[in-house]
Every structure is written in structure tokens, then in C-alpha cells.
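Undergrad: Predicted coordinates and the sequence they were generated for:
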Amino acid sequence: MRYDPGPYNEIRFLAHAQAIETYDRRCRGKKSSLDRRMRAVLKECPTVSSKLVKAAGMELDEFATSFKDSRDFYTHYNPRPGAEIARGVLLYVVTVQLQAIIEMSLLREIGFSCEAIDDIFATRVPRYREIANAKAQVADEDAVVPQE
């Protein structure tokens, strides 16, 4: 696993997904779907969440669906028709977004305002730029034409 980047990216993604699920379950305690859990976490700081998602050129619904579909696929390896599964560099982008969402939630938990978190992600720990740079790698990967 240490030298094979494929599984590492998937495992890292799943660890972040599990952290989101666990965080929401402990905070809210309700049984709900993964999609609802993610949306509840994103509602904690709508402006920050929007910027985290839009930094990768996504809309909130698109992100939540891709997150859920990807988590279900990498957990059960049973793709359903029409699922929006993140793979390769795009999976890395979603993982970076999840890391920032977890950080946002934990900062809120210890008392930071959404405005302060936005400032932190924009200047001190440039999460928005990190996500945008990761998304640019997806564009670079898509631009590479395989040689025959």
C-alpha cells in the first residue's frame, strides 16, 4: 500500500468519509443516510462549504452525490448504474475537500465563527487554493492524450 498510490487514495478517502459520518452521528445522534449527514455538516457554515465545493468547480448537490456514490462504491465495490464515482485525481480532489470539511466542523466545534474559518481557509491555511490546484490537476490529467 505504501508504494501503490491507487489503494492509498481510496483508503484515505474512506477514512475521511468515515470521519464525516462519525462526527455527524455523534453530534446529531440521528439515524440518517450518508447524503443527509453530509448535507447537515455542510450547513454548519454555508459560505465556507460553498467555497470548498466551488473551488473544485462543483455545485453542492453534485459534490454530495459524488461523495455518497464514491463512498458506497469504495466500501461495497458494487457500482450502481448512473453513479457518479470519483476516481484517480478527482478522488484526490474530493478527499482534499473532505479534509477541509472535517477541519471546518472541528473549528466550529471549538468555537470559531464561520467568518473566522473562511478567513483561515482563505489566508492562513489556503484550503480554497489547495482544492483549486488539485482540480487543475484533473484538467491536466484529462488533457493528456494516451499514446497508441
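TA: Here it is on my side, so go on.

Undergrad: Okay, helices next: where are they in this structure?
TA: Counting by DSSP state H, the chain has helices at residues 5-28, 34-42, 46-54, 60-76, 88-109, 114-119, 127-143.

Undergrad: Other residues contacting the second one?
TA: Just to be clear, that refers to helix 34-42. If you take C-beta atoms under 8 Å, 6 or more residues apart in numbering as the criterion, helix 34-42 is touched by 17, 20-21, 23-25, 28, 32, 49, 53, 60, 64-65, 67-68, 71-72, 101, 105. Glycine gets a C-beta too; all of them are placed from N, C-alpha and C.

Undergrad: make it 6 Å
TA: Ile20, Glu21, Asp24, Ser49, Ala64, Phe67, Lys68, Ser105 (C-beta atoms under 6 Å, 6 or more residues apart in numbering).

Undergrad: How about the last one?
TA: Applying C-beta under 6 Å, 6+ apart, the contact partners of helix 127-143 are 51, 55-57, 89-90, 92-93, 96-97, 100, 121-122.

Undergrad: do the first one as well
TA: Residues from elsewhere that reach helix 5-28 (C-beta under 6 Å, 6+ apart): 1, 37, 40-41, 71, 74, 91-92, 95, 98-99, 102, 105.

Undergrad: make it 7 Å
TA: Outside of helix 5-28, the residues within contact range by C-beta atoms under 7 Å, 6 or more residues apart in numbering are 1, 34, 37-38, 40-41, 70-71, 74-75, 91-92, 94-95, 98-99, 101-102, 105.

Undergrad: Pull the number of nearby residues for Ala15.
TA: 12 (other C-beta atoms under 10 Å).

Undergrad: same question, Val94
TA: When neighbours are defined as other C-beta under 10 Å, Val94 has 24 of them.

Undergrad: and the closest residue to Ala83 other than its chain neighbours, how far is that from Gly57?
TA: Residue nearest to Ala83 in three dimensions, not counting chain neighbours: Asp69, with 4.1 Å by C-beta to C-beta, 6 or more residues apart in numbering. Counting by C-beta to C-beta, to the nearest Å, the separation of Asp69 from Gly57 is 18 Å.
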